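K.L.:
Sequence and predicted model, in that order:
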Amino acid sequence: MNPDFPLWLRATHLINFVLIGMLLRSGWEMLSSMPRLWWSNDCAPGKEWLKFTKRELPKEEGVYTSLMDEKSLSPLIALPGRENIGLGRHWHGLSVMLWVLNGLVYVVLLFATGLWRRLIPTSWDVFPEAFETLKMYLSFNVPSIEHFQPYDALQMLGYSFVIFILAPFMILTGVAMAPAIRARFPWYVKLWGGHQGARSLHFIAMVLMSGFIVMHVGLVFLVHPKYNLVHMVFGDVEPARFAQAFVIVIATIVAVLVFWVALSYWTLADRARAHSILVPLTEIGRKIFLNRLRPTNSAPGNFTEDDISEFHWTNGLPPTEEESADWVRMREQDFAGYEIVLADDIGGTEKKVTLDEIRSLPQASYIAVHTCMQGWSATSRWTGAKLTDVLGLLGPRPAGARYVLIDSFGLAQKMYDNRPREPFYAVIDLETAEEEGTILSYERNGRPLDIHLGAPARLRVESNHGYKMVKWVRSIRWIADYRDYGDGRGGTREDSALQAFNGRI
C-alpha cells in the first residue's frame, strides 16, 4: 500500500524546514544592518513605521552613517551574525535559490501525483468548515480524527495561502529590491511602493511566514501527535510507531538547529573562505536571472522632481587630514585645484584632468533611486558626465581592457581582518561602464555635490547598489583583471568579504 505521505513529500518538507530557517536567519542579519522600516523612499529620520533600535537619528545629513546604525546579532540568532551584512546577503541568495528549487519540485510533484486534491480546496464549503475548526482551536479543543485526515479545512486554507500566495509574494517583493530589476523595470518596483515599500512588505510577509511555521509545528505536537508524527516520519498512519517517530522528529529538529548555528560559526571562522565558496554558488542565480538585465531606457527610471527625497543617508565619512591631506587641502580651496587621474594600467599611460574639463563634456542628468545593500534608499537628480566620456579624455579604450577601476581619496571604514584601513575602490565591467546611468557626477539636485556625498565628484552606477558608487574620486583606470588589485575580489567591499564582485543583486 502506498503511504499517505510519500517519501518525496516528507523529503521536500524537511528540506524546506532547513532552508526556511536559513532564509529567516540571514534575513534577520540583513535587517539588523538597517533596523528601521519605512514606506517612503527618502528614509527620513522620524518617518519609520517600525524600528528595532532605540537610537534616535539626527536631522542633519552626513553626521550619522548607516554603519553607525547597524546592530550586532548573535550567531545563535542570525546567519552569520556580528555585523556581516554582505555574507548574510550571500547566504540569503543561496537559500532563496535552493528554496525556490525545492518549492518547484514540491508543486510539480503535488500536481503530478494528484495529492493536490487533498490539500487545495475544491469547494466553497471549506470556508465555513475552517471557521468552525478555528473556533474549536480557540476553545482549546481539537477536531476529531475523522475530520483531520489528512488535513482539516483550516489547514487546507493555511497551506494553500502559504504555498500559492505568501511564498510567491515573498519572492516578488524580494526581487523588487534588486538594482538590476529597478534599472530594467522601474515600473515593477513602483508597483510595490518603491524600494522601501517592497522592503516593508517583504518584512510583513516574513512575519506571516514565521507565524505560520510556529503554529504549524506547534499543532503537529499538540493535535493528534500520534498520527501527525508517524505521518511525518514513516508516511503511514500506524500509531503504534509513535514513540519511534517522536524520537526521530526531536532528534531531527535538534540536528537542524545545530546545523543552522554551525553555519554561522563556520562562516565567521574564516570569512574569506566562506566568501570564496558562496560567491560562485550565488553567481549561478545571478547569471541566470540578473546579470543579463541591463537598463533599456536612456534614463535609469521614470522619476520626477516630486520623487526627490528630502533626506539622503550616507555610508562613510569624508576623508580627514590624516587620511588624505591632498583632498582636505583641495576642499579648503573649494576644490579649485581638484584633479582626477585617468590611467591605462595596461599600456602604462596616465593623464590628470580637472573638474572644469569634466564639466565641459556632454552633460548627463537624471533622477534615480540610490539603494544601499543595508536597506536604505534615497531619490535624487544626479548630473555629470558619462564615465565613458571621461575616460575618452585619456584616449581610445586600450586593447585588453576588461574592467574599470575607480578609487577614492577616502579610506575603507574598516577592514575585515583588522589591518590598517586602505583606500576605498570599486571595479565595474565594461558593459556596466557603458550604461547610460553610469556617470561621474558633480551635482545633486542642481547644486554641487555635498561633501558627505562625495564632493567634488563621485561615481554613479544606477544598476548597482551604492557600495559600487565610489565617493571623492581620485583616479579612474582601465585594467585587464581585477584580481591583480587589492585582495583580488573586485573592490573594497568584496575584499572585506562583504559582497560579490557583481553588484547587480
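P.N.:
Received it, and whenever you're ready, just let me know what you need. Residues are numbered from 1 along each chain as shown.
K.L.:
Helix or strand for the residue nearest the centre of the chain, just tell me which one.
P.N.:
Nearest to the geometric centre of the chain sits Arg89, at 5.3 Å (C-alpha atoms, centre = their mean). Assigned by DSSP states H and E, Arg89 falls within helix 85-112.
K.L.:
and the gap between the closest residue to Leu222 other than its chain neighbours and Thr133?
P.N.:
In this structure, Leu222 finds its nearest non-sequential neighbour in Val142, 7.6 Å apart by C-beta to C-beta, 6 or more residues apart in numbering. For glycine as for every other residue, the C-beta is placed from the backbone atoms N, C-alpha and C. The gap separating Val142 from Thr133 is 9 Å, by C-beta to C-beta, to the nearest Å.
K.L.:
number of nearby residues for Phe221?
P.N.:
Using other C-beta atoms under 10 Å, Phe221 has 13 other residues around it.
K.L.:
I'd like the mean pLDDT over the one helix or strand it maps to, please.
P.N.:
Using DSSP H and E, Phe221 sits within helix 194-222. Taken as a whole, helix 194-222 has a mean pLDDT of 91.
K.L.:
try stretch 102-116
P.N.:
Mean predicted lDDT for stretch 102-116 stands at 93.
K.L.:
so how far is that stretch from its chain's centroid?
P.N.:
29 Å (C-alpha atoms, centre = their mean, to the nearest Å).
K.L.:
can you pull the buried residues of that stretch?
P.N.:
Buried residues in stretch 102-116, counted by 16 or more other C-beta atoms under 10 Å: Asn102, Gly103, Tyr106, Leu110, Leu115.
K.L.:
With adjacent residues omitted, what lies nearest to the last one?
P.N.:
Spatial nearest neighbour of Leu115, excluding adjacent residues (C-beta to C-beta, 6+ apart): Leu9 at 7.0 Å.
K.L.:
Skip ahead from the stretch of helix or strand the one you found belongs to and say which helix or strand is next.
P.N.:
Using DSSP H and E, the element containing Leu9 is helix 7-33. The C-terminal neighbour of helix 7-33 among helices and strands, as given by DSSP H and E, is strand 36-37.
K.L.:
outside of that next one, which residues touch it?
P.N.:
Residues from elsewhere that reach strand 36-37 (C-beta atoms under 8 Å, 6 or more residues apart in numbering): 43, 48-53, 69, 196, 199-200, 203, 375-376.
K.L.:
do the same with stretch 343-357
P.N.:
Here stretch 343-357 has contacts from 335, 338-342, 390, 393-395, 398-401, 405, 442, 456-457, 475-480, using C-beta under 8 Å, 6+ apart.
K.L.:
Any of those residues buried? List them.
P.N.:
Listed as buried from the contacts of stretch 343-357 are 335, 338-340, 342, 390, 393-394, 398, 401, 405, 442, 456-457, 475-479; burial here means 16+ other C-beta under 10 Å.
K.L.:
Just the ones of those residues in helices?
P.N.:
Val390 (DSSP state H).
K.L.:
tell me the angle the helix or strand of the chain with the lowest mean pLDDT makes with helix 7-33.
P.N.:
Taking mean pLDDT, DSSP states H and E as the measure, the helix or strand of the chain with the lowest value is helix 225-234, at a mean of 80. Here the directions of helix 225-234 and helix 7-33 differ by 100 degrees (axes from the mean of the first three to the mean of the last three C-alpha atoms, to 10 degrees).
K.L.:
Mind jotting down where the helices sit in the stretch 351-500 of the chain?
P.N.:
355-359, 387-392, 430-433, 492-495 (DSSP state H, counting those that start in this stretch).
K.L.:
Name the residues of the first one that come out as buried.
P.N.:
Judged by neighbour count (16+ other C-beta under 10 Å), helix 355-359 contains these buried residues: Leu355, Ile358.
K.L.:
could I get that helix in CSV with only the CA atoms?
P.N.:
The C-alpha trace of helix 355-359 is given here as CSV (Å, rounded to 0.1, in the frame of the first residue of the first chain):
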residue,chain,number,x,y,z
LEU,A,355,36.9,69.3,-12.8
ASP,A,356,36.4,72.0,-15.5
GLU,A,357,37.5,69.6,-18.2
ILE,A,358,34.9,67.1,-16.9
ARG,A,359,32.2,69.7,-16.8
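K.L.:
What average pLDDT does that helix get?
P.N.:
Taken as a whole, helix 355-359 carries a mean pLDDT of 95.
K.L.:
shaky segments in the stretch 1-150 of the chain?
P.N.:
By pLDDT under 70, the low-scoring segments of the stretch 1-150 of the chain are 1-3, 146-150.
K.L.:
Against Asp450, how distant is Ser160?
P.N.:
Using C-beta to C-beta, one gets 51 Å for the distance from Ser160 to Asp450.
K.L.:
my bad, Asp236
P.N.:
Relative to Asp450, Asp236 is positioned 68 Å away (C-beta to C-beta).
K.L.:
same question, Gly27
P.N.:
With distances taken as C-beta to C-beta, Gly27 is found 32 Å from Asp450.
K.L.:
between the two, who's got more neighbours?
P.N.:
Gly27 (25 against 15).
K.L.:
Check whether His195 really touches Val369, as I assumed.
P.N.:
Yes. Using C-beta atoms under 8 Å, His195 makes contact with Val369 at a distance of 6.0 Å.
K.L.:
between the two, what contacts are shared?
P.N.:
By the contact definition C-beta under 8 Å, 6+ apart, His195 and Val369 are jointly contacted by Asn41, Arg182, Val189, Ser377.
K.L.:
Quick one: those residues as JSON lines, columns for distance to Thr432 too.
P.N.:
Converted to JSON lines, the shared contacts of His195 and Val369 look like this (distance: C-beta to C-beta, whole Å):
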{"residue": "Asn41", "distance to Thr432": "23"}
{"residue": "Arg182", "distance to Thr432": "14"}
{"residue": "Val189", "distance to Thr432": "19"}
{"residue": "Ser377", "distance to Thr432": "20"}
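K.L.:
so can I have CSV of those residues showing secondary structure?
P.N.:
Putting these into CSV (DSSP: H, G, I helix; E, B strand; the rest coil) gives the following:
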residue, secondary structure
Asn41, coil
Arg182, helix
Val189, helix
Ser377, strand
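K.L.:
What's opposite Leu50 in the beta bridge?
P.N.:
Beta bridges link Leu50 to Leu37 when assigned by DSSP bridges.
K.L.:
Tell me how far it lies from Trp39.
P.N.:
In terms of C-beta to C-beta, Leu50 sits 10 Å off from Trp39.
K.L.:
pLDDT on the host helix or strand of Phe161, on average?
P.N.:
For Phe161, the host element (DSSP H and E) is helix 153-161. Taken as a whole, helix 153-161 carries a mean pLDDT of 88.
K.L.:
Repeat that for stretch 490-505.
P.N.:
The model assigns stretch 490-505 a mean pLDDT of 63.
K.L.:
just to revisit the earlier point, can you tell which of the helices of the stretch 351-500 of the chain is closest to Leu57?
P.N.:
helix 492-495 (23.6 Å; C-beta to C-beta).
K.L.:
Would you mark the buried spots in the closest one?
P.N.:
Applying 16+ other C-beta under 10 Å to helix 492-495 flags Thr492, Arg493, Glu494, Asp495 as buried.
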